[in-house]
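Participant: Quick one, what's the 3D model for this:
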Amino acid sequence: MFKRTLLMSALAISSAANAYMFEATYEYSDGNIKPEVDGTNRGDIEPSFHLLDVRVYMEDVSIAGGAWEEAAFLDKASYVNGQWRGLDVEVGNVMIKSNDYLIGGQAVINDFIIRSNISTGKNQSTDDRSVSGGFGFGSYIGEHHALTGDIAFDYDGAEDAFTYRLGVNYHGYLPIGDSIQSMSFDGTLYTNNTRYAADNRNGTLTGFSGIYTYYPLPQVGVGAEFDITSGSNRETTGNYTDSTSSDLGLFVHYYPINHFRLGINVMTGKEEDRTTNSKTINQTKSWAFNVRLRF
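Facilitator: Numbers count the residues shown, from 1 in each chain. Coordinates of the predicted model:
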């Protein structure tokens, strides 16, 4: 009887070591933007970004099903989360600071997915505020694929602008044969429509973003991400702005132990705006470092 109790206790400890219900991620990123207007450099912009995301899952999430990074997806996990985002932008000798706070969550019921979130933000320099929110519905397709659609809105007090967004997201996980290797892809197609009340402008934006990850080991992921957009603003006066952007990033993350992850990524991007009278090009380079705790 005593040996049986010890065996059951050992199994419970082993199970707990390979599962988690709490996850916290912190990321810091730093970048440089070089704006050029009609061929003339206008001085560098130095943004830095902090993010803290905390998730509480409704039940144990096991890492035994495949890549550790994909554990919550493979377990079809439900969760609630809170997030803080802080942005500091240095333009010349001026520092602009803003903070955003988000609460949200996901429920998975018989493979049906429901998501929602709401957030609020404030520019500390100008006291302008913003609010955004959204919800989405979708479903798992088998064990390793999911398709969801979402509707989101955003109000930006600084520009007195209201934006709504429609998006479709696919996430898939693919084991490679009978080996421990695997890969995943996450892709989102989206469109935004913005109304600027102050000057009676309309803006549209369409984009496609994707993340590909290769897992040579369950605890290691290397990959690439991209985001491509095309948009335009039209005024009743006939003035216009047409814009395109493209961003490409490379990343690696590694779990040295079950409950701790390190990650780093680098990114480069280019945004081009053509207005009625000028052309602006923004060249961006950035890097980010992140850590994650699970227990």
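
Participant: Low-confidence stretches in the stretch 101-250 of the chain?
Facilitator: Regions of the stretch 101-250 of the chain meeting the criterion pLDDT under 70 are absent.

Participant: any chance you could map the strands in it?
Facilitator: 112-123, 129-141, 145-156, 161-175, 182-196, 201-217, 220-234, 240-257 (DSSP state E, counting those that start in this stretch).

Participant: The second one versus strand 161-175: what angle between them?
Facilitator: Yep, that's strand 129-141 we're talking about. If you take axes from the mean of the first three to the mean of the last three Cα atoms, to 10 degrees, strand 129-141 sits at 30 degrees to strand 161-175.

Participant: For strand 129-141, which helices and strands make contact with it?
Facilitator: Applying 3 or more Cβ pairs under 8 Å, 6 or more residues apart in numbering; DSSP states H and E, one finds that strand 129-141 contacts strand 112-123, strand 145-156, strand 161-175. Where you see a C-beta, it was placed from the backbone N, CA and C, and this is true even at glycine.

Participant: neighbouring contacts of stretch 160-177?
Facilitator: With contact meaning Cβ atoms under 8 Å, 6 or more residues apart in numbering, stretch 160-177 is reached by 66-67, 70, 73-74, 134, 136, 138, 144-156, 181-198, 203.

Participant: residues of it that come out buried?
Facilitator: Neighbour-count burial for stretch 160-177 flags A161, T163, R165, G167, N169, Y170, H171, G172, Y173 (criterion: 16 or more other Cβ atoms under 10 Å).

Participant: Endpoints of stretch 71-80, how far apart?
Facilitator: From its first residue to its last, stretch 71-80 covers 16 Å (Cα to Cα, to the nearest Å).

Participant: Next, the buried residues of it.
Facilitator: Using 16+ other Cβ under 10 Å as the burial criterion, the residues of stretch 71-80 that qualify are A71, A72, F73, L74, D75, K76, A77, S78, Y79.

Participant: and what of stretch 231-249?
Facilitator: Residues of stretch 231-249 classed as buried by neighbour count (16+ other Cβ under 10 Å): G231, N233, T241, S243, S245, D247, G249.

Participant: Mind telling me what element the residue lying closest to the fifth one once chain neighbours are set aside is part of?
Facilitator: Across the structure, with Cβ to Cβ, 6 or more residues apart in numbering as the measure, the residue nearest S245 apart from its sequence neighbours is E271 (4.1 Å). Element membership of E271, judged by DSSP states H and E, is strand 260-275.

Participant: Could you tell me how far that strand lies from the centre of the chain?
Facilitator: 12 Å (Cα atoms, centre = their mean, to the nearest Å).

Participant: If you average the pLDDT over that strand, what comes out?
Facilitator: Average pLDDT, strand 260-275: 97.

Participant: So what are the sheet partners of it and their directions?
Facilitator: According to DSSP bridges, strand 260-275 forms sheet pairs with strand 240-257 (antiparallel), strand 279-294 (antiparallel).

Participant: by how many degrees do that strand and strand 220-234 diverge?
Facilitator: Interaxial angle of strand 260-275 relative to strand 220-234 (the same axes, to 10 degrees): 20 degrees.

Participant: what's in contact with strand 260-275?
Facilitator: Among residues not part of strand 260-275, those counted as contacts by Cβ under 8 Å, 6+ apart are 27, 31, 68-69, 225, 227, 239-256, 279-294.

Participant: What subset of those is buried?
Facilitator: If you count burial by 16+ other Cβ under 10 Å, the buried members of these come out as 27, 31, 68-69, 225, 227, 241, 243, 245, 247, 249, 251, 253-255, 280, 282, 284, 286, 288, 290, 292, 294.

Participant: So what pairs up with the residue nearest to S245 in the strands?
Facilitator: S245, N282.

Participant: Now G66, what are its backbone angles?
Facilitator: Main-chain torsions, G66, degrees, to the nearest 10: phi 160, psi -140.

Participant: If I look at it, what pLDDT would I see?
Facilitator: G66 is given a pLDDT of 95.

Participant: so it makes contact with P218?
Facilitator: Yes - the pair G66 / P218 is scored as a contact, 6.5 Å apart, by Cβ atoms under 8 Å.

Participant: Fine by me, thanks again.
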